[in-house]
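Chemist: have a look at this prediction, sequence included:
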Amino acid sequence: MSENTNYTVRKSDRSIFFPLLIIFIGVILLLSNLNLIPGNGWNLIVRFWPIIFIFGGIDDLLNQKWTGAIINFGVGSILILANFGFFSMSTWQIIMNFWPIIIVSIGLEIIFRGRSLVGSLIGVAFSILLVLGLFWFALQGPFTKDAISHPINYEVGDTKRAELDIKPMVGKLTIDSGDFTNQLIEGEILASNNEEIKVESELSGQTQKISISTSGNVYLPSNNMNKGFPWELLLNADVPFSINIEQIIGIQNLSLTDLDIQNLDSKLVIGTMKVNLPDTENLSADLECVIGEMVIIVPPNIPVTIHLDSGMTGVTLGDGFVREGDVIYSKHSRVNQGYVLNINLPLGSLKVDNP
């Protein structure tokens with residue numbers, strides 16, 4: 001007795017995602033080295049990183065995964081537009097708010113994979129509606145609520161020195177000098193309805209310690225939002241400050257030029273950090289951004305030494321700055337101590353320049 005066994009061999013899906021990604025990185029870096037495109041190649045890669053979704057969409061098209069292809073193309077396009085300020089929400093806020101769409105897209109792909117023509121068309125229709133819905137909410141969703149305003153006001157009083165501890169979860173943090181003498185800090189925080197702003201202060205001798213933190217969740221964008229829930233703080237230029245910042249996602253715009261900053265410690269997980277350093281004699285600062293873009297503006301004639309801890313990081317230096325290994329020097333920094341900056345930037349781009 002003989003038994004015939006039929007074996008069905010299924011052709012595995014071909015993936016071109018990683019080859020496309022490698023080609024893209026290579027082409028950008030080559031064009032940058034040949035000065036055929038403006039700016040640093042790594043800066044452009046950081047700016048266009050959502051193109052990985054586009055490559056995923058091309059890969060899905062090749063393997064006839066129509067639902068996944070449309071969602072990948074749509075999400076990639078929306079995130080690239082967000083990187084260039086097209087939406088009121090930043091790229092990282094869109095990801096943090098709407099990441100469950102990835103789970104939904106996987107479910108749709110499983111449901112409609114291998115279906116008939118009608119089933120595939122239904123899956124495509126659902127995918128298009130999902131992408132259009134994300135686009136709509138990113139612009140201005142109908143269920144968004146106005147942000148809640150939290151005014152911040154502290155008078156100088158007997159304060160001779162201030163320690164400021166800021167911990168925004170998500171948002172756009174702006175610190176600048178205020179045109180006042182009686183106020184120590186003045187500003188406003190626009191937070192989500194789901195966030196709780198906690199403000200604590202303690203006067204120890206003549207040192208005012210102020211802590212501003214947030215807890216809760218940010219689910220939907222705010223009608224008052226401008227590239228993130230804004231934290232806008234003005235500091236007294238005549239009072240020495242020590243500033244500590246811990247932020248998860250967002251933008252930091254620290255205009256410290258006219259302020260008296262003794263110590264600066266700022267940590268950002270994902271986002272953009274721009275720091276205009278103060279025009280003082282000495283400064284010690286620790287700056288960290290795990291993934292993102294960092295811009296450091298050094299006042300003219302200020303010596304600065306930057307110790308850089310980096311990974312896949314593109315570095316652009318203005319005139320008068322020199323890099324030797326993991327150390328960046330400015331003019332006269334080897335003669336005078338000046339500023340000492342410790343920068344940790346594992347993945348992203350760094351630009352150091354004068355105004």
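Modeler: That came through, no problem.

Chemist: any idea how far residue 354 is from the residue nearest the centre of the chain?
Modeler: Centroid-nearest residue in the chain: residue 271, 1.0 Å away (criterion: Cα atoms, centre = their mean). Relative to residue 354, residue 271 is positioned 24 Å away (Cβ to Cβ, to the nearest Å). C-beta coordinates here come from the backbone N, C-alpha and C atoms, glycine included.

Chemist: let me see the ranges of the helices in this structure.
Modeler: 17-33, 41-47, 51-62, 66-83, 91-98, 100-112, 117-140 (DSSP state H).

Chemist: looking at those, which has the lowest confidence?
Modeler: Sorting the helices of the chain by mean pLDDT places helix 117-140 lowest, at a mean of 65.

Chemist: gap between the two ends of stretch 185-202?
Modeler: One end of stretch 185-202 to the other measures 14 Å (Cα to Cα, to the nearest Å).

Chemist: buried residues, it. List them.
Modeler: Buried positions in stretch 185-202, judged by neighbour count with 16 or more other Cβ atoms under 10 Å: 185, 186, 187, 189, 190, 191, 192, 195, 197.

Chemist: and if you look at stretch 241-258?
Modeler: So for stretch 241-258, counting by 16+ other Cβ under 10 Å, buried means 241-257.

Chemist: just the ones of those residues in strands?
Modeler: Among those, DSSP state E puts 241-255 in strands.

Chemist: and which of those residues is nearest residue 176?
Modeler: Using Cβ to Cβ, residue 255 comes nearest to residue 176 of those, at 4.4 Å.

Chemist: excluding sequence neighbours, find me the nearest residue to that closest one.
Modeler: When the adjacent residues along the chain are set aside, residue 255 lies closest to residue 176, with 4.4 Å between them (Cβ to Cβ, 6 or more residues apart in numbering).

Chemist: now do the strands in the stretch 151-300 of the chain.
Modeler: For the stretch 151-300 of the chain, the strands defined by DSSP state E, counting those that start in this stretch occupy 161-167, 170-178, 183-191, 195-204, 207-216, 230-236, 241-255, 261-276, 283-297.

Chemist: with distance to residue 343 as new columns, can these be given to me in CSV?
Modeler: Formatted as CSV, the strands of the stretch 151-300 of the chain follow (distance: least, Cβ to Cβ, whole Å):
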stretch, distance to residue 343
strand 161-167, 19
strand 170-178, 18
strand 183-191, 26
strand 195-204, 29
strand 207-216, 24
strand 230-236, 22
strand 241-255, 13
strand 261-276, 10
strand 283-297, 5
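
Chemist: using JSON lines, lay out the ones you listed together with mean pLDDT and distance to residue 323.
Modeler: Below are those laid out as JSON lines (pLDDT from 0 to 100; distance: least, Cβ to Cβ, whole Å):
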{"stretch": "strand 161-167", "mean pLDDT": "94", "distance to residue 323": "31"}
{"stretch": "strand 170-178", "mean pLDDT": "88", "distance to residue 323": "28"}
{"stretch": "strand 183-191", "mean pLDDT": "89", "distance to residue 323": "36"}
{"stretch": "strand 195-204", "mean pLDDT": "86", "distance to residue 323": "40"}
{"stretch": "strand 207-216", "mean pLDDT": "87", "distance to residue 323": "36"}
{"stretch": "strand 230-236", "mean pLDDT": "92", "distance to residue 323": "32"}
{"stretch": "strand 241-255", "mean pLDDT": "90", "distance to residue 323": "23"}
{"stretch": "strand 261-276", "mean pLDDT": "90", "distance to residue 323": "18"}
{"stretch": "strand 283-297", "mean pLDDT": "89", "distance to residue 323": "13"}
